[in-house]
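Q: Generate a structure from the sequence data that follows.
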Amino acid sequence: MYLKTKINSLAFNTVHGSFAKEKVLEGNFDISYAEAHQKINIKTQKLKIGSDVFDIIAFFNIGKTNSLFGINIGTDILWRNASNLLSGNISTKLNQFDLKKPIKVNCDIKGDLNVEGDPKIVVQADIRNNELTIPDGLFTNCSFKGIFTNNFKPQNGFNDPNSAIILTNFKGEYLNIPLKIARATINNLEKPIATGIVNADFDISKLNGMTNEKILHFESGHAKANLKFQFDIVDLYINKPRITGDVDIDNATFDYLPKNIHAEKTAVQLSFTEQALYIKKIAYKHKKNIIRIDGKIDNFLNLYYDAPEKMVVNWNIYCPNIDVKQFLGVLKKSPVQKTAQTKQVKKKNVNFSNQLKSVIEKCTAVINLKADKITYGSLTATNTQATLQMLNSKLLLKNGTLQTSGGNITFNGAIQPSGNHYIFSSTAHVNRVDIASFLKSFNNFGIHSFSPKNIRGRLSSNANVTGLMSSKGDLIVNSMRGKLDFNVNQGALLNFDPIMKIGKFAFPLRDVENITFSDLSGSLNLRGEQVDINKLTISSSVLNFDVDGIYSFGRGTNLALTVPLRNSKNDAQLATKEERKAVRERGIVLHLIAYDNEGKIKIKWRKRDK
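A: A predicted model of the protein is given here:
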């Protein structure tokens with residue numbers, strides 16, 4: 001039979017609309033009817049529906065006891081042409097996707113004419129070297145076999161909740177990244193869930209095209225991934241993918257652009273589990289810095305999307321050698337880039353790069369640091385340990401210990417960028433460091449009236465201070481505020497100009513160029529450019545004196561000096577502090593003032609308070 005007709009309505013369920021609606025059907029049908037079996041057989045080759053041709057074999061049982069039917073359809077067809085032959089409820093979803101080249105499709109429909117509901121539908125497709133467009137992007141050089149069934153679990157009937165799409169032997173490139181998926185399943189087309197295992201093996205420079213917003217730029221390196229994935233599909237977009245498995249990156253060189261960080265020859269091993277993300281190994285090299293990292297993020301899969309601010313990244317970091325100043329840039333926020341105010345259509349899915357950046361900025365990093373050698377300007381420290389917590393752009397330092405200048409320091413503190421500077425606060429206990437070496441390491445804290453060569457001894461101190469550092473990490477001395485208590489043992493003052501001036505003024509016959517002392521201690525309040533010296537006590541072999549008043553890094557020095565003239569040479573031999581204190585101010589005592597006079601220190605007599 002030859003037939004040419006226009007399809008007005010062809011439907012299993014008229015609520016869902018017509019198949020091949022308004023399409024012209026034309027071709028030859030071979031039809032037979034077996035009266036004994038009450039069965040109609042239909043066969044057609046190159047049946048034209050619209051602009052495409054189909055080979056169809058069908059049968060219909062029309063007896064009272066047997067009403068089964070079956071339709072098998074085979075064709076080579078473009079995706080969009082096939083979609084437009086389906087009912088509207090299906091085609092509106094399928095039109096979100098596309099395949100550039102024709103695909104080989106076979107559709108098998110089996111049902112019962114006397115049973116309500118949908119028949120069993122199985123569609124098989126063979127895709128070779130094609131381009132697959134999905135709402136989230138484009139796969140090139142794409143090959144796979146696909147199966148659709150509306151009876152994924154045989155006992156659950158023929159319906160959308162029991163429908164599934166199964167992909168096997170998937171190979172393709174997503175933004176030039178080659179991916180392989182042995183098997184992937186999308187089931188429950190009412191609330192679709194996709195599962196599968198993806199393998200990737202590629203040069204990581206291919207990642208540079210993945211993100212719209214530039215976060216990472218990869219120069220070299222290689223990555224291998226073996227990941228099991230699961231994600232919801234909401235309005236045909238991938239939503240909150242959950243992955244388990246391993247990622248290995250080797251010999252990576254990259255830039256982290258928001259913080260202007262350059263990393264060389266970096267190795268990374270990641271293991272994703274349901275309970276946590278394990279950072280098994282990160283070997284990182286930057287300039288002279290070498291860092292080895294391992295860590296853990298508990299509840300990673302849940303917190304990444306829903307509550308990144310609650311995510312805690314636990315790092316264990318070991319550094320053979322690290323330069324602190326080179327890493328202060330990590331704390332700075334990247335500048336806000338101005339973009340043209342053009343009207344944009346908001347995508348329904350969450351952009352990967354925006355999500356990653358949000359997680360990095362919101363999560364809290366807790367770092368257990370151990371370093372063999374740390375340098376900060378001229379300061380060199382060894383055997384350093386500390387717990388660091390990074391929250392937004394703030395770095396907290398807890399339970400820190402280090403060895404430097406022949407002694408050790410314990411400390412707690414915080415550093416936070418502010419404009420072109422860094423704000424820091426610190427409590428520190430310094431125990432018996434070589435004072436000359438220590439002062440030299442910190443550029444003598446900006447003091448110009450004496451240099452580290454003017455003093456020797458062992459410094460111990462307690463400090464609770466806040467202040468500023470420059471953008472290069474240098475201490476801005478006249479910004480410091482807080483309290484400092486200190487003492488120096490086994491010390492000496494060498495060619496210290498203020499003392500030499502006092503000596504020439506008060507007792508010119510004594511040698512004040514080289515003063516050894518048994519006690520040098522003080523209590524200071526730091527007020528930016530000025531320092532309140534509440535009590536500075538010096539007990540030496542040449543003389544004893546006490547100082548209080550104001551010392552200024554600029555102008556405004558005004559110090560009261562109390563100088564007993566008695567010979568203090570033998571005071572150190574007295575057994576107790578009480579004995580030394582009792583004889584300290586016997587005899588003649590000078591009361592002087594050291595004050596600022598146009599930038600130079602002058603000395604004058606001071607009247608004693610009544």
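Q: all strands for the stretch 451-600 of the chain, in order.
A: Applying DSSP state E, counting those that start in this stretch to the stretch 451-600 of the chain gives strands spanning 455-469, 475-494, 514-527, 530-540, 544-552, 558-564, 589-597, 600-605.
Q: which residues touch Ile409?
A: 381, 400-403, 428-431, 433 (C-beta atoms under 8 Å, 6 or more residues apart in numbering). (Glycine included, C-beta is placed from N, CA and C.)
Q: still on that earlier bit, format the strands of the stretch 451-600 of the chain as CSV; extra columns: distance to Ser87, mean neighbour count and mean pLDDT.
A: As requested, these are exported to CSV (distance: least, C-beta to C-beta, whole Å; neighbours: other C-beta atoms under 10 Å; pLDDT from 0 to 100):
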stretch, distance to Ser87, mean neighbour count, mean pLDDT
strand 455-469, 68, 18, 89
strand 475-494, 73, 17, 84
strand 514-527, 79, 18, 80
strand 530-540, 84, 18, 82
strand 544-552, 87, 19, 83
strand 558-564, 93, 19, 83
strand 589-597, 93, 17, 83
strand 600-605, 96, 12, 82
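Q: Can you add distance to Thr576 and give these back as TSV?
A: Output for these, formatted as TSV (distance: least, C-beta to C-beta, whole Å):
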stretch	distance to Thr576
strand 455-469	20
strand 475-494	17
strand 514-527	13
strand 530-540	13
strand 544-552	16
strand 558-564	19
strand 589-597	22
strand 600-605	33
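Q: Let me know which of the ones you listed is the nearest to Arg242.
A: Arg242 lies closest, by C-beta to C-beta, to one member of the strands of the stretch 451-600 of the chain: strand 455-469, at 41.9 Å.
Q: what's the distance between Val115 and Ile109?
A: 13 Å (C-beta to C-beta, to the nearest Å).
Q: meant to ask about Leu391
A: From Leu391 to Ile109 the distance is 59 Å (C-beta to C-beta).
Q: now Ala371
A: 69 Å.
Q: try Ser67
A: In terms of C-beta to C-beta, Ser67 sits 15 Å off from Ile109.
Q: same thing with Leu47?
A: 15 Å.
Q: And Glu585, by the same measure?
A: For Glu585, the distance to Ile109 - C-beta to C-beta - is 112 Å.
Q: Show me which of these two is the more surrounded one.
A: Ile109 (18 against 14; other C-beta atoms under 10 Å).
Q: which other helices and strands contact whichever strand or helix holds the more buried one?
A: Using DSSP states H and E, Ile109 falls within strand 103-112. If you count contacts as 3 or more C-beta pairs under 8 Å, 6 or more residues apart in numbering; DSSP states H and E, strand 103-112 packs onto strand 68-77, helix 79-83, strand 120-134.
Q: Tabulate those in CSV, adding columns for distance to Lys581 and mean pLDDT.
A: What follows is those, written out as CSV (distance: least, C-beta to C-beta, whole Å; pLDDT from 0 to 100):
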stretch, distance to Lys581, mean pLDDT
strand 68-77, 104, 95
helix 79-83, 97, 88
strand 120-134, 85, 92
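Q: Between strand 68-77 and the strand holding Ile109, find me the angle.
A: Angle, strand 103-112 to strand 68-77, by axes from the mean of the first three to the mean of the last three C-alpha atoms, to 10 degrees: 170 degrees.
Q: got the buried residues for strand 103-112?
A: Buried residues in strand 103-112, counted by 16 or more other C-beta atoms under 10 Å: 103, 105, 107-111.
Q: same thing with stretch 425-435?
A: 425-426, 428, 430, 432-435.
Q: and what of stretch 22-29?
A: Buried, per 16+ other C-beta under 10 Å, within stretch 22-29: 23, 25-27.
Q: Run through who's touching it.
A: Outside stretch 22-29, the residues touching it (C-beta under 8 Å, 6+ apart) are 1-8, 42-50, 53, 85.
Q: redo that, cut-off 6 Å
A: 1-2, 4-7, 42, 44, 47-50 (C-beta atoms under 6 Å, 6 or more residues apart in numbering).
Q: of the residues you listed, buried ones?
A: 7, 42, 44, 47, 49-50.
Q: Which members of the residues you listed are the farthest-apart pair?
A: Ile42 and Gly50 (19.5 Å).
Q: Can you say which of the strands of the stretch 451-600 of the chain is nearest to Ala276?
A: Per C-beta to C-beta, nearest to Ala276 of the strands of the stretch 451-600 of the chain: strand 455-469, 35.5 Å.
Q: Given the closest one, what are its sheet partners and their directions?
A: strand 421-434 (antiparallel), strand 475-494 (antiparallel) (DSSP bridges).
Q: Between the contacts of Ile409, which sits nearest Leu167?
A: Gly400 (53.1 Å).
Q: partners of the stretch of helix or strand the closest one belongs to in the sheet?
A: Of the helices and strands defined by DSSP H and E, Gly400 is found in strand 394-404. Using DSSP bridges, the strands paired with strand 394-404 are strand 379-391 (antiparallel), strand 407-418 (antiparallel).
Q: And the contacts of it?
A: Contacts of strand 394-404 (C-beta under 6 Å, 6+ apart): 331, 381-389, 409-416.
Q: The nearest residue to Val123 once chain neighbours are set aside sits in which helix or strand?
A: Distances taken as C-beta to C-beta, 6 or more residues apart in numbering put Phe148 closest to Val123, at 4.2 Å, once the chain neighbours are dropped. Using DSSP H and E, Phe148 falls within strand 137-149.
Q: Compute the inter-axis angle for that strand and strand 120-134.
A: 180 degrees.
Q: Check which element follows the helix or strand of the chain with the lowest mean pLDDT along the chain.
A: Across the helices and strands of the chain, mean pLDDT, DSSP states H and E gives its lowest value to helix 352-362, namely a mean of 65. Using DSSP H and E, the next helix or strand after helix 352-362 towards the C-terminus is strand 364-376.
Q: ok, what's across the strand from the nearest residue to Asn525 once chain neighbours are set aside?
A: Distance criterion C-beta to C-beta, 6+ apart; nearest residue to Asn525, sequence neighbours excluded, is Asp532 at 3.9 Å. Beta bridges link Asp532 to Asn525, Ile550 when assigned by DSSP bridges.
Q: Please consider this matter closed, and thank you.
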